[in-house]
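>>> Return a 3D structure for these sequence lines:
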Amino acid sequence: MLSKLDMSFQDEKLLTKTIELFMKRELISGGSPYEEVIGFSRAVRVGPYITIGGTAPMDADGNTVGVGDISLQTKQCLETIKMALEKAGSSLNDVVRTRILLTNIEDWKAAAKVRASYFKTIKPVDTIMQVSRFINPDWLIEIEVDAIISS
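The predicted structure follows:
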């Protein structure tokens with residue numbers, strides 16, 4: 001008699017296929033001109049996990065949005081993140097962590113106010129930190145997020 005831990009060959013094949021499908025790596029492009037230069041994706045999804053790297057305040061043509069305006073730049077970053085999540089089959093509701101990187105820590109309240117307009121009811125964990133600069137000196141902020149699709 002077989003125990004519950006014993007599997008038939010068919011069961012083992014099905015389990016292997018399920019794991020492969022679950023752990024498939026999907027690269028999501030955001031169209032940034034830096035993607036090819038640096039060799040990165042806007043987001044990477046593996047199974048239910050989505051990671052979005054440092055998202056700068058750029059429009060679809062690679063132009064900086066809101067030069068000198070932390071609120072506009074924060075909004076642009078979050079809109080880009082929202083689109084990347086949607087491309088990955090997710091939404092802002094699945095975000096579990098955000099990281100806000102600022103060139104001037106004094107901008108944290110203005111950036112946090114915009115962030116709250118997107119996440120006030122979702123309430124992912126957050127880290128806010130200052131960095132010395134970004135590759136484009138017009139960028140005041142970059143935002144990273146992690147999401148887990150729970151359904």
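
>>> ok, and the closest non-adjacent residue to K75?
Leaving aside its sequence neighbours, K75 sits nearest to V114 (C-beta to C-beta, 6 or more residues apart in numbering; 5.4 Å). (Each C-beta comes from the backbone N, C-alpha and C, glycine too.)

>>> what's the helix or strand for the one you found?
helix 108-119 (DSSP states H and E).

>>> Flag every buried residue along that helix.
Buried positions in helix 108-119, judged by neighbour count with 16 or more other C-beta atoms under 10 Å: W108, A110, A111, V114, R115, Y118, F119.

>>> re the thing from before, any idea how far the residue nearest to K75 lies from E79?
Relative to E79, V114 is positioned 10 Å away (C-beta to C-beta, to the nearest Å).

>>> residues in contact with C77?
T55, A56, P57, I141, E142, I143 (C-beta atoms under 8 Å, 6 or more residues apart in numbering).

>>> now, which of these sits nearest T127?
I143 (10.6 Å; C-beta to C-beta).

>>> Hmm, R97 and the closest one touching each other?
No: using C-beta atoms under 8 Å, I143 is not in contact with R97; the gap is 10.9 Å.

>>> And the next helix or strand past the helix-or-strand element of the chain with minimal mean pLDDT?
Lowest on mean pLDDT, DSSP states H and E among the helices and strands of the chain sits helix 9-22, with a mean of 63. As assigned by DSSP H and E, the chain's next helix or strand after helix 9-22 is strand 25-28.
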